[in-house]
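Trainee: Need a 3D model of the sequence below.
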Amino acid sequence: MSSKPIKDLTKVPERLTSGHRLCAGCAESIIARQVLMSTDKPVVAASATGCFEVSTTIFPYSSWNVPWIHTAFANGAATGAGLEAAYQGLRRKGKIKEEMRFVAFGGDGGTYDIGFQALSGMLERGQQLMYVCFNNEAYMNTGIQRSGATGFGASTTTSPAGTVQQGKTEYPKDLTMIVAAHDIPYAAQVSPHNWRDLISKCEKGFECGGPAFINAVSPCPRGWRFASEDTILMAKLSVETCVWPLYECENGEYRLTAESKRIADGVQEKKPITEWFKAQGRYKHMLKPENAELLEKVQAEIDRKWERLIKLSKL
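Mentor: Below is the predicted model:
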């Protein structure tokens with residue numbers, strides 16, 4: 001739960017304004033606004049190339065009300081780390097007195113794949129930067145190509161469903177677990193439908209005293225093939241099916257949160273993967289009778305990872 005009442009959150013100045021060019025129903029601006037209201041300290045932001053960057057900064061306009069820097073696809077974390085290092089140097093020299101916080105944003109392509117080296121390096125160096133991944137499960141900005149975050153069976157422009165194969169043939173990387181293995185102070189998965197959980201986790205990330213990683217599911221109407229008004233419902237469904245569990249790893253200790261905690265405790269229903277597939281056009285082929293075996297395979301993998309997470313949260 002957020003440590004601040006909602007009336008206090010509404011008083012936080014708008015750090016990302018309206019007027020951007022993101023698609024109708026895109027979750028990225030929703031996530032970013034929640035992230036940016038989770039600290040009352042001055043914030044400096046960096047964005048790797050991607051949907052979010054190109055849509056919020058079309059020259060000569062900008063939706064940013066905080067200091068912001070654009071960085072290449074592959075080095076979002078490195079650029080954010082450079083900003084934080086410069087700040088620490090200026091503080092040591094007495095040229096900056098106030099406390100500041102640093103955040104870097106990137107899509108799953110620029111985080112799971114192209115930008116992972118920069119991210120891993122930043123985590124290993126222990127710099128106080130929070131990295132936020134908009135996980136829309138493909139390279140949406142360049143044409144809906146599959147990424148390391150794309151789900152098994154998803155039809156993309158580079159893993160199309162047809163007579164040769166039924167969408168992507170690999171499971172997504174479990175990047176949150178990979179990041180947590182760097183022994184950083186804080187890593188978490190969030191969803192924009194549960195703003196209290198998201199803001200609470202970002203509060204912890206900003207104040208953990210070292211590197212933090214926030215992995216946010218970011219439904220994409222264009223790439224996932226659903227109606228733009230259903231974005232928040234899609235985000236909620238990802239949690240209810242355990243495709244995207246809500247949890248945190250704080251100083252090595254795993255905890256399930258929000259709906260995921262209730263599902264693990266038996267208080268809330270865990271929905272089957274078929275509910276997730278039915279809601280999206282990119283998975284419609286997976287519901288055909290001839291793909292029943294693949295459907296069972298995906299459900300089994302979701303169940304396996306979910307049970308592993310429950311065990312980790314009880315250690």
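
Trainee: list the contacts for residue 206?
Mentor: When contacts are counted by C-beta atoms under 8 Å, 6 or more residues apart in numbering, residue 206 touches 38, 39, 41, 101, 103, 130, 212. Any C-beta I mention is one placed from the backbone N, CA and C, and that applies to glycine too.

Trainee: I figured residue 78 hits residue 118, correct?
Mentor: Yes. Residue 78 is within contact range of residue 118, at 4.0 Å (criterion: C-beta atoms under 8 Å).

Trainee: Name the residue in the two with the higher neighbour count.
Mentor: More crowded of residue 78 and residue 118, by other C-beta atoms under 10 Å: residue 118, with 25 against 19.

Trainee: how far away is the more buried one from residue 128?
Mentor: 16 Å (C-beta to C-beta, to the nearest Å).

Trainee: same check, this time on residue 122
Mentor: 10 Å.

Trainee: Looking at these two, which one has more neighbours?
Mentor: Neighbour count, other C-beta under 10 Å: between residue 122 and residue 128, residue 122 has more, with 27 against 20.

Trainee: What sits closest to residue 197 if chain neighbours are left out?
Mentor: Nearest non-adjacent residue to residue 197, counting by C-beta to C-beta, 6 or more residues apart in numbering: residue 258, 4.3 Å away.

Trainee: What score does that neighbour have for pLDDT?
Mentor: At residue 258, the pLDDT value in this model is 97.

Trainee: That one contacts residue 193, doesn't it?
Mentor: No. If you go by C-beta under 8 Å, residue 258 and residue 193 don't touch, sitting 9.6 Å apart.

Trainee: Which residues are in contact with each of the two?
Mentor: Residues touching both residue 258 and residue 193 by C-beta under 8 Å, 6+ apart: residue 239.

Trainee: Contacts only, for residue 56.
Mentor: Here residue 56 is in contact with 16, 20, 21, 22, 29, 47, 62, 63, 64 (C-beta under 8 Å, 6+ apart).

Trainee: Now intersect those with the strands, please.
Mentor: With DSSP state E as the criterion, strands contain residue 47 from among those.

Trainee: ChimeraX command for the buried members of the contacts of residue 56?
Mentor: Of the contacts of residue 56, the buried ones can be selected in ChimeraX as follows, counting by 16 or more other C-beta atoms under 10 Å:
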select :16,20,22,29,47,63,64
